[in-house]
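# coords please:
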Amino acid sequence: MSAPSRLGLSRDPDFGRLFAATALGQLGDRIIFLALPLVAIVALNADEFQVGLLTAMTTGGSLLVGLPAGAWVDRMRKRSVMISTDLVRAFVLLTIPTAWWADLLTIWWLYAVALVHGVLTVFFDVAYVSYLPHVVGRGNLVEGNSKLSAIRSVTSISGPAAAGPLIGLVGAPATLLASSVGMAASGLLAISIRKREQKPEPSERPQLGREIKEGLTFVLKHSALRAIMLGDAIFNLFLVMYQTMLLVFLEREIGLQSFGIGLVLSGMGCGALLGALSATRVSKRVGQGPVIWLAPLVTCPLTVLMPLARPGWSVNVAAIGLAALSLGGVVRFVTQASFQQALTPDRLLGRMSATARFVSWGGIPLGGLLGGASGSVFGATVTLWIGAVGMTLSVLPNFLSPLRTMRELPKEKDPEPEHSNHEIVSSE
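You can find the predicted model right below:
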């Protein structure tokens with residue numbers, strides 16, 4: 001194999017800039033994942049339900065603006081949306097340590113920041129997914145998604161590993177300064193990407209409702225896309241229930257400090273990195289369709305090791321189960337994200353992404369609330385059991401769909417899905 005073919009997208013300067021921006025933004029995001037709940041748990045002494053409500057606020061943007069975000073993003077240059085949302089998110093996060101130092105920080109302040117940050121993240125993610133085909137080309141989507149998943153996995157290791165000691169040294173509120181800096185640096189790097197999109201042609205009379213309906217129709221008329229979204233919705237609901245009580249379980253029942261919690265979450269990042277590095281090989285060997293349901297079926301049951309853990313060596317074994325969950329999740333994500341992008345026409349990429357996010361992530365705020373309520377009534381351990389069982393059952397929609405035996409995913413986009421009720425892909 002020649003050097004250019006081995007390097008692939010690594011030779012593309014614009015992809016390199018996107019790669020670096022992703023690394024910095026994800027590093028900031030991983031620090032948020034650990035620091036924001038610990039601000040509530042440790043600094044504000046929040047109870048289980050308040051922690052669950054904070055999780056719901058963090059992800060509530062998917063319900064509030066999930067569908068219209070896609071239509072709005074399709075009217076704009078995706079790169080501009082990414083830059084502006086990164087910079088505004090950096091400013092919003094900066095208010096938490098500022099309020100803490102001024103002795104003004106309350107749980108309601110955290111709720112407000114989490115909600116605003118979550119809404120902005122919806123716009124960023126929709127633009128990001130829609131921008132990738134423009135930067136790398138449709139023929140390089142699997143490679144592009146794999147490389148970006150790999151760097152996200154690296155930051156999943158380094159973020160919590162760095163955040164744990166930092167929280168122990170300066171406290172969770174001050175640690176969010178690092179998140180703010182990472183978001184700002186990501187936005188500034190995105191400015192340097194030279195490959196500019198053409199501004200979408202404005203419609204003579206733009207109608208938000210009609211544009212949303214067009215995106216919904218495109219997605220819902222493909223049985224494989226429907227199955228992916230339903231499986232994701234079930235998985236995410238129970239994953240968030242699990243994650244909501246995970247930090248409470250580790251801090252209050254296992255007795256881990258911030259450094260130990262950071263190490264457990266870094267182990268999840270190690271699993272995600274292995275998943276990103278092996279996703280292409282696994283999908284070729286097993287088949288791209290079967291991977292989408294088989295990866296979670298193999299790895300999700302291992303999450304029961306955490307509620308079985310007790311203080312001591314068994315926590316290390318449970319952490320391996322969480323690493324396996326991340327490995328399977330990334331293998332599944334890389335395959336299905338490439339499938340969704342390859343199938344969707346350029347003009348519908350934003351709406352496809354937003355529709356998929358709305359359906360798949362719509363239950364996440366509910367998962368946060370259910371996790372908090374279940375933790376308050378039954379305790380963190382029982383809630384982890386419920387989450388583990390639910391995540392395992394999420395494979396059913398994909399297993400019962402055409403993905404069960406579809407070894408090759410489509411390589412051509414379907415420009416007019418409304419005329420095809422039975423075919424996964426129609427020729428142009």
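
# Quick check: which ranges of the stretch 1-150 of the chain have low pLDDT?
For the stretch 1-150 of the chain, the stretches with pLDDT under 70 are 1-8, 10, 66, 138-139, 142.

# 80 - rerun?
By pLDDT under 80, the low-scoring segments of the stretch 1-150 of the chain are 1-12, 22, 26, 29-30, 33-34, 55, 59-75, 125-126, 128-150.

# So which residues of it form strands?
Using DSSP state E, counting those that start in this stretch, no strands are found in the stretch 1-150 of the chain.

# Distance check, the spatially most central residue of the chain against residue 53.
Nearest to the geometric centre of the chain sits residue 125, at 8.5 Å (C-alpha atoms, centre = their mean). Relative to residue 53, residue 125 is positioned 22 Å away (C-beta to C-beta, to the nearest Å). Bear in mind the C-beta positions are built from the backbone N, C-alpha and C, glycine included.

# what's the answer for residue 266, then?
Distance of residue 266 to residue 53, given as C-beta to C-beta: 27 Å.

# ditto for residue 37
The gap separating residue 37 from residue 53 is 11 Å, by C-beta to C-beta.

# and if you look at residue 188?
Counting by C-beta to C-beta, the gap from residue 188 to residue 53 is 33 Å.

# Who has more neighbours out of the two?
residue 53 (25 against 15; other C-beta atoms under 10 Å).

# That one reaches residue 372, doesn't it?
Yes: the pair residue 53 / residue 372 is scored as a contact, 6.0 Å apart, by C-beta atoms under 8 Å.

# which residues do the two both contact?
By C-beta atoms under 8 Å, 6 or more residues apart in numbering, residue 53 and residue 372 have no common neighbours.

# what sits against residue 94?
Contacts of residue 94 (C-beta under 8 Å, 6+ apart): 176-177, 180.

# Just the pLDDT at residue 383, thanks.
pLDDT recorded at residue 383 is 95.

# tell me, how many neighbours does it end up with?
Applying other C-beta under 10 Å, we find 28 other residues in the vicinity of residue 383.

# ok, so what distance separates it from residue 217?
Per C-beta to C-beta, residue 383 is found 37 Å from residue 217.

# circling back to that earlier point, apart from its chain neighbours, what residue comes closest to the residue nearest to the centre of the chain?
Leaving aside its chain neighbours, residue 125 sits nearest to residue 357 (6.6 Å; criterion: C-beta to C-beta, 6 or more residues apart in numbering).

# Next, the buried residues of the helix or strand where the one you found lies.
Under the criterion of DSSP states H and E, residue 357 resides in helix 349-361. Buried residues in helix 349-361, defined by neighbour count with 16 or more other C-beta atoms under 10 Å: 349-361.

# Test for you: state the pLDDT assigned to residue 163.
With respect to pLDDT, residue 163 scores 71.

# could you list every residue that touches it?
Residue 163 makes contact with 30-31, 34-35, 175, 178, 258, 262 under the criterion C-beta under 8 Å, 6+ apart.

# Now, these that are in helices?
Taking DSSP state H, the ones among the contacts of residue 163 that sit in helices are 30-31, 34-35, 175, 178, 258, 262.

# Would you mind giving me the PyMOL syntax to select the buried ones in those residues?
Filtering the ones in helices among the contacts of residue 163 down to the buried ones (16+ other C-beta under 10 Å) takes a single PyMOL command:
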select buried, resi 30+31+34+35+175+178+258+262
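
# For the stretch 301-428 of the chain, which segments count as helices?
314-343, 349-361, 364-378, 380-393, 396-399 (DSSP state H, counting those that start in this stretch).

# Kindly report which one of those helices carries the lowest mean pLDDT.
helix 349-361 (a mean of 73).

# Specify the angle between that helix and helix 364-378 in degrees.
Helix 349-361 and helix 364-378 meet at an angle of 10 degrees, taking axes from the mean of the first three to the mean of the last three C-alpha atoms, to 10 degrees as the criterion.

# Which neighbouring elements make contact with helix 349-361?
In terms of contacts (3 or more C-beta pairs under 8 Å, 6 or more residues apart in numbering; DSSP states H and E), helix 349-361 is packed against helix 61-74, helix 107-136, helix 208-220, helix 223-248, helix 314-343.

# Contacts for stretch 320-335, please.
142, 145-146, 149, 153, 156, 264, 267-272, 274-276, 278-280, 282-283, 288, 291-292, 295-296, 298-300, 302-306, 391, 409.

# ok, now how distant is residue 72 from residue 35?
Here residue 72 is placed at a distance of 30 Å from residue 35 (C-beta to C-beta).

# swap in residue 336?
Between residue 336 and residue 35 the computed distance is 30 Å (C-beta to C-beta).

# What of residue 107?
Residue 107 is 15 Å from residue 35, where distance means C-beta to C-beta.

# what about residue 168, neighbour count?
That count, for residue 168 with other C-beta under 10 Å as the rule, works out to 15.

# Next up, the contacts around it.
Residue 168 neighbours (C-beta under 8 Å, 6+ apart): 257-259.

# That'll do, ta.
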